[in-house]
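Chemist: got a predicted structure here, sequence first:
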Amino acid sequence: MNTAIKNLLDQIHSETANITKLQEKLQKEYNRVFSDSETLNKAISNAENSSEYQFGRYGDIESWYRFSGLSDYAECREYFETWLSEKHCMRVDWENDCLIVSHGDDNILIQDDTRHDNGVWQSGKLIIDESEYKSDGEVNEVKRNALIEAHMEKSGYFPGVYRTKRSGGVYAVNTQA
C-alpha cells in the first residue's frame with residue numbers, strides 16, 4: 001500500500017473516532033433535552049399506562065399511545081429513538097404518531113370463546129384446556145382466572161394476561177379475585 005493511501009486511511013479512522021465522540025456527546029445533550037420536556041414525559045406516562053393493545057409485528061403484545069407532538073422530534077429521529085428505547089423501552093411508530101410499549105411475547109393468552117382453538121395459551125403451548133373451566137357451553141371466568149393464577153403461582157412467573165378476540169382485538173384481563 002502506498003504512503004498516500006495509508007495516510008488517508010489513518011485520517012479517516014481518526015475522523016471516524018472524532019465523529020463517534022461527537023455523536024455520543026450529542027446523544028447525551030439530546031437525552032437531557034428529552035428528559036426535561038414536560039410534554040414528552042406526560043406522553044411517555046400516557047403510553048406506559050395505555051390500555052390500547054394490539055399484536056406487534058413479532059407476535060408480542062403492545063400497547064400504544066397516539067402522541068400528536070411526535071413530529072417535533074423528527075429531525076433528531078435517530079437520537080430520539082435511541083433515548084426512548086434505552087430509557088423507556090419504547091419504540092416509535094412515525095407513520096401513525098404513536099409511542100409503542102412492548103409487553104413481550106411470553107404473555108398468557110385467553111383465546112376467544114367462540115373459536116374452536118379455545119383455551120389458555122402461553123408461548124404457543126396450551127396451558128389450560130377449555131374443558132377445565134367450561135361446562136354446559138358456558139365459560140366460568142372465576143374458575144378460569146383461578147386456574148391462571150394457580151399456573152402463575154406454580155411457575156413463579158407472572159406475565160401479562162390478555163384475551164384475544166377472533167376480530168384481532170387484544171384486551172388486558174385482571175385474573176385476581
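Modeler: Arrived safely.
Chemist: all contacts plus neighbour counts: C-alpha atoms, from now on.
Modeler: Fine.
Chemist: just confirm Ser63 is within a strand.
Modeler: Yes. Using DSSP: H, G, I helix; E, B strand; the rest coil, the secondary structure at Ser63 is a strand.
Chemist: ok, now which ones touch it?
Modeler: Listed by Cα atoms under 8 Å, 6 or more residues apart in numbering, the contact partners of Ser63 are 47-48, 50-54, 100-103.
Chemist: and the closest residue to it other than its chain neighbours, what does it touch?
Modeler: Once flanking residues are discounted, Ser63 sits nearest to Tyr53: 4.4 Å by Cα to Cα, 6 or more residues apart in numbering. Contact analysis of Tyr53 by Cα under 8 Å, 6+ apart lists 61-64, 169-172.
Chemist: let's go with 6 Å and repeat that
Modeler: By Cα atoms under 6 Å, 6 or more residues apart in numbering, the contact list for Tyr53 reads 62-63, 170.
Chemist: wait, which of these is closest to Ile148?
Modeler: Val170 (17.4 Å; Cα to Cα).
Chemist: per-residue pLDDT, the closest one?
Modeler: The confidence metric pLDDT takes the value 89 at Val170.
Chemist: where do the helices of the chain begin and end?
Modeler: Secondary structure of the chain by DSSP state H: the helices cover 3-36, 38-48, 77-88, 141-155.
Chemist: figure out which of the ones you listed is closest to Asn107.
Modeler: Nearest to Asn107 among these is helix 141-155 (10.9 Å), distances taken as Cα to Cα.
Chemist: ok, now which ones touch the residue nearest the centre of the chain?
Modeler: Nearest to the mean C-alpha position of the chain, counting by Cα atoms, centre = their mean, stands Ser102 at 0.9 Å. Shown in contact with Ser102 (Cα under 6 Å, 6+ apart): Glu62.
Chemist: now with 10 Å, please.
Modeler: Going by Cα atoms under 10 Å, 6 or more residues apart in numbering, Ser102 touches 48, 53-56, 60-64, 89-91.
Chemist: gap between it and Glu81?
Modeler: Per Cα to Cα, to the nearest Å, Ser102 is found 14 Å from Glu81.
Chemist: then Asn49?
Modeler: Distance, Asn49 to Glu81, using Cα to Cα: 20 Å.
Chemist: many thanks, we can stop here.
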